[in-house]
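Below: sequence and its predicted model.
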Amino acid sequence: MENPQADNDPNVRPLTFADPLTDELLKYSLRTQLESLFKTEMTIQQRQHQLQQSFVEAITLVLADKSAKHQQLVAAFEQMYESATQSMALAELSQELLTRQYVSSSGLIMSPLNCRHTIKDVYRIQGYVRGIDLAIKQQLRQKSVVNVLYPACGPFAPLLLPLLKYYQQHGQIKAGQLKVTLLDIQAGAILSLRQLVSDLEITDYICDIVEQDATEYIPEQSIDLLILEAMQHGFTREGQLSIAKHLVHYLDLEGSLIPQQVSVRGIMVIGETEFSHQWQSAAFTHSLNVDPTAQADRIELGEIFKVNKSSLLKAQPIALDGGIKVLTANQLTIPKGIEDMPQRILAIYAHIHTYGQETVQQYDSGITHPRPDMSFYIDAQPNQIDHPYFVANSGDTVQFFYQLTGLPGFIASKL
């Protein structure tokens, strides 16, 4: 039987053959929810207590003066993830809301299902939480109430919600001292956030939870602290820059952007040395575990791009055909005299200063892991005669641009 409603309602999609990839994703999400719900038989109060304690214990380790051991941190963050996932399962997201992922005009919008893994990224959260803690306390020295905006926060808002629970339990910073707005474009993330905030019993800290595109959101009052982490390695795919460029104009004159600065750098490497040999004897990838020999083998090109409050306020996009906009990045000169340059590939990585001296360095997180660019050829030619790749020679000066579209990333051009 035909469904006349499907012809008229844009929200009703026609039946199609199952996509094998989507089908596997749905099965995975169902399995995750079932495991979370039936892993143990607990009362509501027991589940909430476990959730709250897992958040506090993880942040206690993160903020401790003495560095915790890696395995201790991993175990604490895994418990925090498991507890948050149980809360997410109780939010009763439909499969469409849970798995919806698409490319917007500013970049990749990840599904709530995929975003949930961020809460397990130990050293990303460590670098951000330490910085955010310092920034909040610095702001409170100047004013009695701090307005915090956290756009593109995902289903768990992992850079802030664990810290708020820690503040509450330790009585360090009262709810009346912070006015937090959580913002995300995904309806599924919003449902999960509402459940999680309720389960954590930190609603007094939350001013609002808003479902909206962060590049279009206009806050009702100036922002004292803008927390933003919507990036992937190589500063590609997600809309970190577009969101920051829009919202930085609503920062208070003395307001802070977290991270305070992102420095994107380029290196020419031998792929096997950089990404394989370097880690054969390492317990885990981290900036403290890089191999000195592999690091010495790199050819440093320098800083490609710098993002901070000042640079964002000054940024003037260049409009190209098709409505595409780009920002001018830095010029770099390819060094001469490197015999194996034709065998090297360009890798781009971000060094993140969250606040003060707190950082997320190369290999500390997925977002700072060097990203190889296989379209960048130096002193070599691609096999194809008609190719789309960038080709240059040692000694050439290369101008980089950053593309502000649904597929953000760097574009190289010879001068």
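Received, thanks. The shown structure was predicted, so the numbers you read here are calculated from the model rather than taken from an experiment.

end to end, how far does stretch 141-157 reach?
End-to-end span of stretch 141-157 (CA to CA, to the nearest Å): 25 Å.

how distant is that stretch from the center of its chain?
Relative to the chain's own centre, stretch 141-157 is displaced by 16 Å; criterion: CA atoms, centre = their mean, to the nearest Å.

model confidence over it, on average?
Average pLDDT, stretch 141-157: 97.

what does stretch 320-333 give?
94.

distance between that stretch and the chain's centre?
Mean C-alpha position of stretch 320-333 versus that of the full chain (CA atoms, centre = their mean) differs by 23 Å.

in it, what counts as buried?
Neighbour counts over stretch 320-333 (16 or more other CB atoms under 10 Å) mark 326, 327, 329, 330, 332 as buried. Backbone N, C-alpha and C define where each C-beta goes, glycine included.

And stretch 208-222, by the same measure?
Buried-residue list, stretch 208-222, by 16+ other CB under 10 Å: 209, 210, 213, 214, 215, 217, 219.

Make a markdown table out of these and add pLDDT, secondary structure and distance to residue 133.
Output for the buried residues of stretch 208-222, formatted as a markdown table (pLDDT from 0 to 100; DSSP: H, G, I helix; E, B strand; the rest coil; distance: CB to CB, whole Å):
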| residue | pLDDT | secondary structure | distance to residue 133 |
| --- | --- | --- | --- |
| 209 | 98 | strand | 22 |
| 210 | 98 | strand | 24 |
| 213 | 97 | coil | 29 |
| 214 | 98 | coil | 23 |
| 215 | 97 | coil | 28 |
| 217 | 98 | coil | 25 |
| 219 | 97 | coil | 22 |
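
Tell me which two of these sit farthest apart.
Spatial extent of these (CB to CB) is set by the pair 209 and 215 at 18.2 Å.

Please parse this structure into its domains.
Annotated domains of the chain cover 25-227, 261-414 [automatic domain parsing].

Show me where the stretch 1-150 of the chain has its helices.
Secondary structure of the stretch 1-150 of the chain (DSSP state H, counting those that start in this stretch): helices located at 4-8, 20-38, 44-63, 70-90, 95-99, 112-115, 122-140.

Next: the stretch 201-350 of the chain.
Counting by DSSP H, counting those that start in this stretch, one finds helices in the stretch 201-350 of the chain at the ranges 240-247, 271-275, 292-297, 309-314.

how about the ones you listed in TSV, adding mean neighbour count, mean pLDDT and distance to residue 112?
Below are the helices of the stretch 201-350 of the chain laid out as TSV (neighbours: other CB atoms under 10 Å; pLDDT from 0 to 100; distance: least, CB to CB, whole Å):
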stretch	mean neighbour count	mean pLDDT	distance to residue 112
helix 240-247	22	97	18
helix 271-275	16	97	30
helix 292-297	13	96	37
helix 309-314	13	97	28
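
As TSV, those helices with distance to residue 197 would be great.
Output for those, formatted as TSV (distance: least, CB to CB, whole Å):
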stretch	distance to residue 197
helix 240-247	22
helix 271-275	39
helix 292-297	43
helix 309-314	28
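
wait, which of those is closest to residue 390?
helix 271-275 (17.4 Å).

Hmm, residue 206 and residue 168 touching each other?
No. Using CB atoms under 8 Å as the test, residue 168 is too far from residue 206 to be in contact (11.7 Å).

of the two, who's got more company?
Applying other CB atoms under 10 Å to residue 168 and residue 206 shows that residue 206 carries more neighbours, namely 23 against 20.

contacting residues around the more buried one?
180, 181, 182, 197 (CB atoms under 8 Å, 6 or more residues apart in numbering).

And for residue 338?
268, 299, 344, 394.

Can you report phi and psi for the last one?
Read it as residue 394. Per-residue torsions, residue 394: phi -50, psi 140 (degrees, to the nearest 10).

and it, what does it touch?
Contacts here follow CB under 8 Å, 6+ apart; on that basis residue 394 touches 334, 335, 336, 337, 338, 341, 378, 379.

Pull up the gap between it and residue 293, please.
From residue 394 across to residue 293, the span is 23 Å (CB to CB, to the nearest Å).

tell me the average confidence for stretch 351-365?
Average pLDDT, stretch 351-365: 97.

start to end distance for it?
OK, stretch 351-365 end separation, CA to CA: 10 Å.

What mean pLDDT does whichever strand or helix holds residue 399 get?
Secondary structure from DSSP states H and E places residue 399 in strand 397-404. Strand 397-404 carries an average pLDDT of 97.

now do stretch 369-380
On average, the pLDDT along stretch 369-380 is 96.

and residue 150, how many residues sit next to it?
Residues lying near residue 150 (other CB under 10 Å) number 23.

and the residue lying closest to it once chain neighbours are set aside, what does it touch?
Nearest non-adjacent residue to residue 150, counting by CB to CB, 6 or more residues apart in numbering: residue 227, 4.5 Å away. Contacts for residue 227 (CB under 8 Å, 6+ apart) come out as 128, 132, 148, 149, 150, 153, 159, 160, 258.

and the two most separated of these?
Greatest spatial distance among the contacts of residue 227 (CB to CB): 128 and 149, at 14.8 Å.

Can you add mean neighbour count and give the helices of the stretch 1-150 of the chain back as JSON lines?
What follows is the helices of the stretch 1-150 of the chain, written out as JSON lines (neighbours: other CB atoms under 10 Å):
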{"stretch": "helix 4-8", "mean neighbour count": "9"}
{"stretch": "helix 20-38", "mean neighbour count": "13"}
{"stretch": "helix 44-63", "mean neighbour count": "18"}
{"stretch": "helix 70-90", "mean neighbour count": "19"}
{"stretch": "helix 95-99", "mean neighbour count": "18"}
{"stretch": "helix 112-115", "mean neighbour count": "22"}
{"stretch": "helix 122-140", "mean neighbour count": "22"}
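
Out of the ones you listed, flag the one nearest residue 105.
helix 112-115 (19.3 Å).

by contact count, what packs against that closest one?
helix 20-38, helix 95-99, helix 187-200 (3 or more CB pairs under 8 Å, 6 or more residues apart in numbering; DSSP states H and E).
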